[in-house]
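J.: Okay, structure incoming, though there's no sequence with it:
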């Protein structure tokens, strides 16, 4: 039986294929800390996600594994001796069907075989069935590129040793489980989501049976599946949001019944305002997945005129840059103390699952937001998004003015006001001049004076101090806002929208199901229509599909541009004020105040033709850097750090642009800088270092090709692409990036890297090469890189 020291001696297993599970690995017995015998295996750390996917797609017990607990230790001095079992990252994964069976009250319920007051067998719930399957993944200090998997319980059984979920669970669906199609939690959620979205019963049943047949259920299961879907429809139709005639009492009952969906709750009182923070388990996983080392945005004042309490939404952006609601906060109070309470509760909840979770930026859409509080809690920069200002102005101009020429000029002049922090124009004079020139537009001026003149300076001041988001982020904001507005207010009941329990019910059923089904279609590749609609749900993605040849633009006259309609090629849309964030189009989507695909496409073409003016986000970025340079802090170290981060970010952006322009990585390889693995002997004496890998090397020459080093010491040798099992004296051979050098005598090439090397020894392991010619070499403890004490001959 292995102990802690023997762990490092176990072989690292890397099964072929895109995904793999525990059945593809060889497990070794290991004595745990609680007198238990665990199973252990080592895999490359880069393939942890492949293992999780393969382990979840178990035919007998399909499931998902959630992060139950996690810890991360800060790497300290590299000179400190580390124990073999010391870890830098620790995560406990537990089966989604365990470990407890929770009822509506949130307390653990014992499994019961019969219904109360009868002798019929009780139906098991669809989740939290007491499954004890769980494992631990560690990343050790001494071998950070290796993931150690410790399986405490590989079987999906409860504490009695009985299979508790999956097709083999006889109690999963009552006495007719042998003829009833298996219902997983994912399949149940899929059926519920499709019912909430109004998809027909025939389509739901067809998709339901197709997925159920993957678990080996067929025959008479179709009739029972039809009854199951019909039962779900009846349950949804009979469900009500009014759990109590009193609104707040009804919300209180909902919170007690759904404790896992609430991360913060504060009842209304004389000393505190009403605050309800909602985050389902699925939303928490999206926050951890897409929010870590990324951007989180806040839609702050949705429904401020129609709802009893405004809705505050925290958004994350997926790989396609679509906005996903990761948490909802229902409150009317935006005081600093209240914001600090629920933001801290949300951060603490995320850190329970992933202690290493951290934001790189937080975007707000209101200049009055408590920026200092958010920055203090999340410890990240704050960005400002102007989509709400642009939409409000364009929507009211369209509503109050019917002349397109006047609309264009008014919107253009309002854009000049927003550009005033960087153009040197006095904003007060610009506002006064605007109101004087358009004095005949009394309806819009009345709205502008009452809503925006008192706080225009607040917005401009925020724009001077905060960086601005791009048009793509604005488009994602607008897409979520329009979709949420459609879901909540299409069939609006005036009496219902003034109740908080109605809003909670709508968010956790229809809205949540809509985004859950979108992500399911995107990740599984199924439900093609829903997947296509989801991908094209933002104006940015719809704009990318428009060809450049469909844009008619005169570089000498930038008053307007024309875009051929994609639905009717005989029609064209006119975009006024091109190359500006304050461009407007005559299409129906733009008339609602939104940023349409035609405006975005015209701005893309203007940018490619070098005729576009710098965007507001570029102006704000340049202004922040210039202010930092001109008003440098007293702490010179802080200034050096800031300068280094700016240069590093500039290099990253430049590489991204080059990668986009060249369309691949191959063309950029020669421009990558050389990375050294040791401080000493950075420039070999009397050796020429080149970035090209020659076909052959002359006697006594040395050459490097990025991280691969080739040395020739005896005579002229040709470099081959074959990696021989052994090398004769004076032989040089390369295999991809791995280079093997032999200088003195015949040596065998091994895959093990010893702690130290004697004179004349040669050893290779993966992409790292060790060369010994004249002296003894020792391995550094950090990674598998080699510190050369003397330059090879």
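T.: Ah, there it is. Computed from a prediction, not measured in an experiment: that's the story for all the values here.
J.: Out of the helices and strands in this protein, which is least certain?
T.: Every helix and strand of the chain was ranked by mean pLDDT, DSSP states H and E. The lowest is strand 786-787, at a mean of 40.
J.: is it fair to say residue 569 lies in a helix?
T.: No - counting by DSSP: H, G, I helix; E, B strand; the rest coil, residue 569 is not part of a helix but coil.
J.: count of neighbours near it?
T.: Using other CB atoms under 10 Å, residue 569 is surrounded by 9 other residues. No exception for glycine: its C-beta is placed from N, CA and C like everyone else's.
J.: In terms of pLDDT, where does it sit?
T.: pLDDT, residue 569: 87.
J.: Distance of it relative to residue 576?
T.: Distance from residue 569 to residue 576, counting by CB to CB, to the nearest Å: 22 Å.
J.: same deal with residue 459?
T.: In terms of CB to CB, residue 459 sits 23 Å off from residue 576.
J.: Looking at these two, which is more packed in?
T.: residue 576 (23 against 20).
J.: now that one: how far from residue 566?
T.: Applying CB to CB to residue 576 and residue 566 gives a distance of 20 Å.
J.: Equivalent analysis for residue 335, please.
T.: Counting by CB to CB, the gap from residue 335 to residue 566 is 47 Å.
J.: who's more crowded, those two?
T.: More crowded of residue 335 and residue 566, by other CB under 10 Å: residue 566, with 15 against 12.
J.: give the contact list for the more buried one.
T.: Taking CB atoms under 8 Å, 6 or more residues apart in numbering, we find residue 566 in contact with 545-546, 550.
J.: what's the answer for residue 435, then?
T.: Counting by CB under 8 Å, 6+ apart, residue 435 touches 445, 448-449.
J.: hmm, try it at 6 Å
T.: Neighbour list for residue 435: residue 445 [criterion: CB atoms under 6 Å, 6 or more residues apart in numbering].
J.: repeat for the one 10 residues further on
T.: Contacts here follow CB under 6 Å, 6+ apart; on that basis residue 445 touches residue 435.
J.: Pass me the low-pLDDT residue ranges in the stretch 101-250 of the chain, would you?
T.: Counting by pLDDT under 70, the stretch 101-250 of the chain contains low-confidence ranges at 101-128, 167-187, 201, 205-225.
J.: three-state assignment of residue 263?
T.: strand.
J.: Any idea how many residues pack against it?
T.: For residue 263, using other CB under 10 Å, the count is 22.
J.: Run through who's touching the helix or strand in which residue 352 is found.
T.: Using DSSP states H and E, the element containing residue 352 is helix 336-353. Contact partners of helix 336-353, identified using CB under 6 Å, 6+ apart, comprise 67, 263-264, 275, 277, 288, 329, 357, 370, 373, 377.
J.: now, which of the residues you listed lie within helices?
T.: Taking DSSP state H as the definition of helices, these contribute 288, 373, 377.
J.: Using a markdown table, lay out those residues together with pLDDT.
T.: Formatted as a markdown table, these follow (pLDDT from 0 to 100):
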| residue | pLDDT |
| --- | --- |
| 288 | 91 |
| 373 | 93 |
| 377 | 94 |
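J.: quick one: low-confidence parts of this structure?
T.: 1-6, 32-35, 74-85, 100-128, 167-187, 201, 205-225, 490-494, 628-639, 656-793.
J.: As a check, name the ranges of all helices in the stretch 201-350 of the chain.
T.: Applying DSSP state H, counting those that start in this stretch to the stretch 201-350 of the chain gives helices spanning 201-213, 221-238, 247-257, 281-291, 336-353.
J.: As CSV, these with distance to residue 478 and mean neighbour count would be great.
T.: CSV is the format used below for the helices of the stretch 201-350 of the chain (distance: least, CB to CB, whole Å; neighbours: other CB atoms under 10 Å):
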stretch, distance to residue 478, mean neighbour count
helix 201-213, 30, 17
helix 221-238, 30, 15
helix 247-257, 30, 17
helix 281-291, 19, 20
helix 336-353, 24, 17
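J.: Among those, which comes closest to residue 269?
T.: helix 247-257 (10.5 Å; CB to CB).
J.: any residues touching the closest one, and which ones?
T.: With CB under 6 Å, 6+ apart, helix 247-257 has contacts from 104, 242-244, 262, 265, 499-501, 504.
J.: let's see it at 8 Å
T.: Outside helix 247-257, the residues that touch it by CB under 8 Å, 6+ apart are 104-106, 241-244, 262, 265, 267-268, 274, 276, 308, 499-501, 504.
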